[in-house]
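Asks: heads up, no residue letters with this:
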């Protein structure tokens, strides 16, 4: 059995990113990579010599390898990220307020700033994700980095600016609601659903490149770990 | 080795690839070699595979990966029955097109 192990290099890396951005499914990307590999093995040339610029090559493949607009695309691209942003933001504020209320043995305070933060974040996050993952912007590393750094701070601004309480809610109720919403928002990440569309080499049926376990762990546990740290800080610093 | 104008090759490449596959299943690099040997010049992988993918999407070609004795597997392409019919139609049209081109050139050369 010959294992057609592929070597990751900048050319293949760029091709994969570009095909992913153009929503080419993982099994089709595996097919394209195997074709490049087999052709270059026969010709003795490099991928650049045989297939040219990887971005241009990805563009030439998109209309044949990427499925057209499917029913349910609008739900997948807009409604789900919006629901996820809403659940995450509401969950974070509810959890932290609930813990704070329990620590102080009183009801939890909901401020105008928190409500505004959830509204702004729910509107802005899916929009920014949709923009950042468009091929043209994704290649502009600096603009992408600035957007990704600034946007998470957007919902925090109203919270800092408007700290006037508008409602008092039972701390246990708020804490329970927060945990439920966070679990719902985190489930697609924890259950590997977002990593499900894997690149498969048609010659071996295996993944030619595997995501580093450390990166998977960071993506999966970043939110719970950060929240746990925040809860510990609230408990320790009343 | 003659390098034909790109737009000529673009017009004839699909027909020529179908023509190569009419002789039997073949893998990507061998198709490019056959085209080169026939005098069509060098066809790069970056031109060939999108064309083959389009033919496969249209149901004119089917592909299978076959493991070689040495080196990585190769993807073999074969004409489907629809591909054979399409090749026959295209060849007939191409002959008429070439005749029309020749007649036009002959007429223009004869006219001072």
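Replies: Sure thing, it's come through. None of these values were measured; they are calculated from a predicted model. Numbering: from 1, shown residues only, chains lettered A, B, ... in the order given.
Asks: how close does the residue lying closest to residue A:22 once chain neighbours are set aside sit to residue A:159?
Replies: Closest residue in space to residue A:22, ignoring its immediate chain neighbours: residue A:62 at 4.6 Å, by C-beta to C-beta, 6 or more residues apart in numbering or on different chains. Using the backbone N, CA and C atoms, a C-beta is placed for each residue, glycine as well. To residue A:159, residue A:62 is 41 Å away according to C-beta to C-beta, to the nearest Å.
Asks: Over to residue B:76?
Replies: In this view, residue B:76 and residue A:159 are 61 Å apart by C-beta to C-beta.
Asks: Now the element after the helix or strand containing residue A:148, going C-ward?
Replies: If you go by DSSP states H and E, residue A:148 is part of helix A:141-150. Proceeding N to C from helix A:141-150, the next assigned helix or strand is helix A:156-161, under DSSP H and E.
Asks: helices or strands next to that next one in the packing?
Replies: Here helix A:156-161 touches helix A:112-132, going by 3 or more C-beta pairs under 8 Å, 6 or more residues apart in numbering or on different chains; DSSP states H and E.
Asks: If you compare the directions of the helix it packs on and helix A:141-150, what angle comes out?
Replies: On the basis of axes from the mean of the first three to the mean of the last three C-alpha atoms, to 10 degrees, helix A:112-132 is oriented at 160 degrees to helix A:141-150.
Asks: Can you mark which positions in helix A:112-132 are buried?
Replies: Buried residues in helix A:112-132, counted by 16 or more other C-beta atoms under 10 Å in any protein chain shown: A:112-118, A:120-122, A:125-126, A:128-129, A:132.
Asks: cool, stretch A:200-216 as well?
Replies: A:200, A:201, A:202, A:203, A:204, A:208, A:209.
Asks: May I have the secondary structure class of the fourth one?
Replies: Reducing the assignment at residue A:203 to three states with DSSP: H, G, I helix; E, B strand; the rest coil gives coil.
Asks: Let me know the pLDDT of it.
Replies: Residue A:203 carries a pLDDT value of 87.
Asks: returning to what we had before: what is the helix or strand containing the residue nearest to residue A:22 packed up against?
Replies: When elements are assigned from DSSP H and E, residue A:62 belongs to helix A:54-65. For helix A:54-65, the contact count by 3+ C-beta pairs under 8 Å, 6+ apart identifies helix A:10-21, helix A:26-43, helix B:45-57 as packing neighbours.
Asks: Turn these into JSON lines, columns for mean neighbour count, distance to residue A:92 and mean pLDDT.
Replies: JSON lines is the format used below for these (neighbours: other C-beta atoms under 10 Å in any protein chain shown; distance: least, C-beta to C-beta, whole Å; pLDDT from 0 to 100):
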{"stretch": "helix A:10-21", "mean neighbour count": "18", "distance to residue A:92": "28", "mean pLDDT": "89"}
{"stretch": "helix A:26-43", "mean neighbour count": "21", "distance to residue A:92": "31", "mean pLDDT": "92"}
{"stretch": "helix B:45-57", "mean neighbour count": "20", "distance to residue A:92": "45", "mean pLDDT": "95"}
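Asks: Make CSV from those and add distance to residue B:88 to it.
Replies: CSV is the format used below for the helices and strands packed on helix A:54-65 (distance: least, C-beta to C-beta, whole Å):
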stretch, distance to residue B:88
helix A:10-21, 35
helix A:26-43, 28
helix B:45-57, 15
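Asks: who are the neighbours in contact with residue A:109?
Replies: Going by C-beta atoms under 8 Å, 6 or more residues apart in numbering or on different chains, residue A:109 touches A:97, A:100, A:101, A:165, A:167, A:168.
Asks: and whatever helix or strand it lives in, how far out from the chain's middle?
Replies: Per DSSP H and E: residue A:109 is located in strand A:108-111. Distance of strand A:108-111 from the chain centroid (C-alpha atoms, centre = their mean, to the nearest Å) equals 29 Å.
Asks: can you check stretch A:40-59 too?
Replies: Here stretch A:40-59 is found 30 Å from its chain centre; the criterion is C-alpha atoms, centre = their mean.
Asks: Span of it from start to end?
Replies: One end of stretch A:40-59 sits 20 Å from the other (C-alpha to C-alpha, to the nearest Å).
Asks: Ok, stretch B:33-40 next?
Replies: End-to-end distance of stretch B:33-40: 10 Å, with C-alpha to C-alpha as the criterion.
Asks: who's in contact with that stretch?
Replies: Identification of contacts with stretch B:33-40 by C-beta under 8 Å, 6+ apart yields B:1-2, B:4, B:9, B:12-13, B:16-17, B:20, B:26, B:41-43.
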